[in-house]
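# Sequence plus predicted model, see below.
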Amino acid sequence: MEEELKPRAEEYGLRLERATALWRAFERCHAQDAEMLIRAAFDQLGAGTPRPTIRRVMVEAKEWVEEATPYELKAYASVCAEAMTPELRAKFIFYLNQRFGPSFSASAGNGNPIENPIASDL
(Lines give C-alpha, C1' and ligand atoms only; values in the text may rest on other atoms or scores of the structure.)
Protein backbone atom coordinates (compact mmCIF):
# COMPACT_ATOMS: atom_id res chain seq x y z
CA MET A 1 0.00 0.00 0.00
CA GLU A 2 2.77 2.44 0.93
CA GLU A 3 4.54 1.73 -2.36
CA GLU A 4 1.36 2.67 -4.25
CA LEU A 5 1.15 6.02 -2.44
CA LYS A 6 4.82 6.92 -2.90
CA PRO A 7 4.58 8.09 -6.56
CA ARG A 8 1.52 10.17 -5.73
CA ALA A 9 3.28 11.78 -2.75
CA GLU A 10 6.28 12.58 -4.94
CA GLU A 11 4.00 14.11 -7.57
CA TYR A 12 2.21 16.24 -4.97
CA GLY A 13 5.53 17.36 -3.52
CA LEU A 14 6.76 18.41 -6.96
CA ARG A 15 3.48 20.21 -7.70
CA LEU A 16 3.70 22.08 -4.38
CA GLU A 17 7.30 23.05 -5.07
CA ARG A 18 6.44 24.40 -8.53
CA ALA A 19 3.33 26.22 -7.32
CA THR A 20 5.33 27.85 -4.53
CA ALA A 21 8.02 28.98 -6.98
CA LEU A 22 5.35 30.36 -9.31
CA TRP A 23 3.65 32.24 -6.47
CA ARG A 24 6.97 33.75 -5.36
CA ALA A 25 7.65 34.87 -8.94
CA PHE A 26 4.23 36.56 -9.11
CA GLU A 27 4.92 38.30 -5.81
CA ARG A 28 8.11 39.80 -7.26
CA CYS A 29 6.37 41.02 -10.45
CA HIS A 30 4.85 44.43 -10.87
CA ALA A 31 1.11 44.11 -10.14
CA GLN A 32 0.11 44.89 -13.75
CA ASP A 33 2.57 42.32 -15.12
CA ALA A 34 1.40 39.67 -12.66
CA GLU A 35 -2.23 40.34 -13.60
CA MET A 36 -1.43 40.08 -17.31
CA LEU A 37 0.40 36.78 -16.81
CA ILE A 38 -2.34 35.32 -14.62
CA ARG A 39 -5.04 36.31 -17.12
CA ALA A 40 -3.02 34.75 -19.96
CA ALA A 41 -2.61 31.54 -17.96
CA PHE A 42 -6.35 31.35 -17.28
CA ASP A 43 -7.06 31.95 -20.97
CA GLN A 44 -4.82 29.01 -21.88
CA LEU A 45 -6.06 26.70 -19.11
CA GLY A 46 -9.77 27.38 -19.58
CA ALA A 47 -11.94 26.53 -22.51
CA GLY A 48 -12.42 30.17 -23.49
CA THR A 49 -15.61 31.14 -25.21
CA PRO A 50 -17.61 28.43 -26.96
CA ARG A 51 -16.48 27.99 -30.54
CA PRO A 52 -18.78 28.68 -33.49
CA THR A 53 -20.91 25.66 -34.20
CA ILE A 54 -19.93 23.86 -37.37
CA ARG A 55 -21.14 20.43 -36.33
CA ARG A 56 -24.06 19.42 -34.15
CA VAL A 57 -24.55 21.79 -31.23
CA MET A 58 -24.54 19.13 -28.48
CA VAL A 59 -21.28 17.61 -29.78
CA GLU A 60 -19.64 21.04 -29.75
CA ALA A 61 -21.02 21.79 -26.28
CA LYS A 62 -19.77 18.49 -24.84
CA GLU A 63 -16.28 19.11 -26.23
CA TRP A 64 -16.23 22.65 -24.80
CA VAL A 65 -17.38 21.42 -21.38
CA GLU A 66 -14.46 18.97 -21.19
CA GLU A 67 -12.03 21.92 -21.24
CA ALA A 68 -14.06 24.48 -19.28
CA THR A 69 -13.11 25.56 -15.79
CA PRO A 70 -15.72 25.38 -13.00
CA TYR A 71 -15.97 29.18 -13.14
CA GLU A 72 -16.70 29.07 -16.89
CA LEU A 73 -19.31 26.36 -16.41
CA LYS A 74 -21.12 28.40 -13.75
CA ALA A 75 -20.90 31.65 -15.69
CA TYR A 76 -22.17 30.27 -18.99
CA ALA A 77 -24.88 28.15 -17.35
CA SER A 78 -26.16 31.15 -15.42
CA VAL A 79 -26.20 33.50 -18.39
CA CYS A 80 -27.80 30.88 -20.66
CA ALA A 81 -30.55 30.15 -18.13
CA GLU A 82 -31.24 33.86 -17.71
CA ALA A 83 -31.42 34.35 -21.49
CA MET A 84 -34.06 31.63 -21.97
CA THR A 85 -37.69 32.53 -22.36
CA PRO A 86 -39.80 31.54 -19.34
CA GLU A 87 -41.29 28.66 -21.36
CA LEU A 88 -37.91 27.35 -22.48
CA ARG A 89 -36.48 27.75 -18.96
CA ALA A 90 -39.41 25.75 -17.52
CA LYS A 91 -38.80 22.97 -20.06
CA PHE A 92 -35.08 23.04 -19.29
CA ILE A 93 -35.68 22.80 -15.53
CA PHE A 94 -38.11 19.93 -16.17
CA TYR A 95 -35.40 18.20 -18.21
CA LEU A 96 -32.84 18.71 -15.41
CA ASN A 97 -35.25 17.35 -12.82
CA GLN A 98 -35.97 14.30 -14.97
CA ARG A 99 -32.29 13.73 -15.73
CA PHE A 100 -30.73 14.49 -12.33
CA GLY A 101 -33.58 14.54 -9.81
CA PRO A 102 -35.35 17.34 -8.00
CA SER A 103 -32.08 18.92 -6.81
CA PHE A 104 -32.44 21.33 -9.72
CA SER A 105 -35.66 22.81 -8.38
CA ALA A 106 -36.00 26.54 -7.75
CA SER A 107 -35.62 26.29 -3.98
CA ALA A 108 -32.78 25.50 -1.62
CA GLY A 109 -34.70 22.63 -0.09
CA ASN A 110 -35.99 24.78 2.74
CA GLY A 111 -38.83 26.39 0.82
CA ASN A 112 -36.98 29.66 0.35
CA PRO A 113 -36.48 30.66 -3.29
CA ILE A 114 -32.94 31.34 -4.47
CA GLU A 115 -32.48 34.43 -6.63
CA ASN A 116 -29.64 32.99 -8.73
CA PRO A 117 -28.36 29.65 -7.41
CA ILE A 118 -25.73 29.19 -10.10
CA ALA A 119 -24.07 32.60 -10.10
CA SER A 120 -24.28 33.27 -6.36
CA ASP A 121 -20.63 32.40 -5.84
CA LEU A 122 -19.18 33.69 -9.11
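Here it is on my side, so go on. Numbers count the residues shown, from 1 in each chain.

# Let's check: the centremost residue of the chain is which one?
residue 70 (1.3 Å; C-alpha atoms, centre = their mean).

# Please determine how far that residue is located from residue 76.
In this view, residue 70 and residue 76 are 11 Å apart by C-beta to C-beta, to the nearest Å. (Glycine included, C-beta is placed from N, CA and C.)

# swap in residue 89?
15 Å.

# So which of the two has more stuff around it?
residue 76 (18 against 15; other C-beta atoms under 10 Å).

# State the mean pLDDT of the helix or strand hosting the more buried one.
Element membership for residue 76 (DSSP states H and E) is helix 70-83. Helix 70-83 shows a mean pLDDT of 91.

# What is it packed up against?
Using 3 or more C-beta pairs under 8 Å, 6 or more residues apart in numbering; DSSP states H and E as the contact test, no helix or strand touches helix 70-83.

# Residue 25: how many residues sit nearby?
Neighbours around residue 25, by other C-beta under 10 Å: 11.

# what's the next secondary structure element after the host helix or strand of it?
In this structure, residue 25 sits in helix 2-28 according to DSSP H and E. Next along the chain after helix 2-28, taking DSSP H and E as the criterion, comes helix 31-45.
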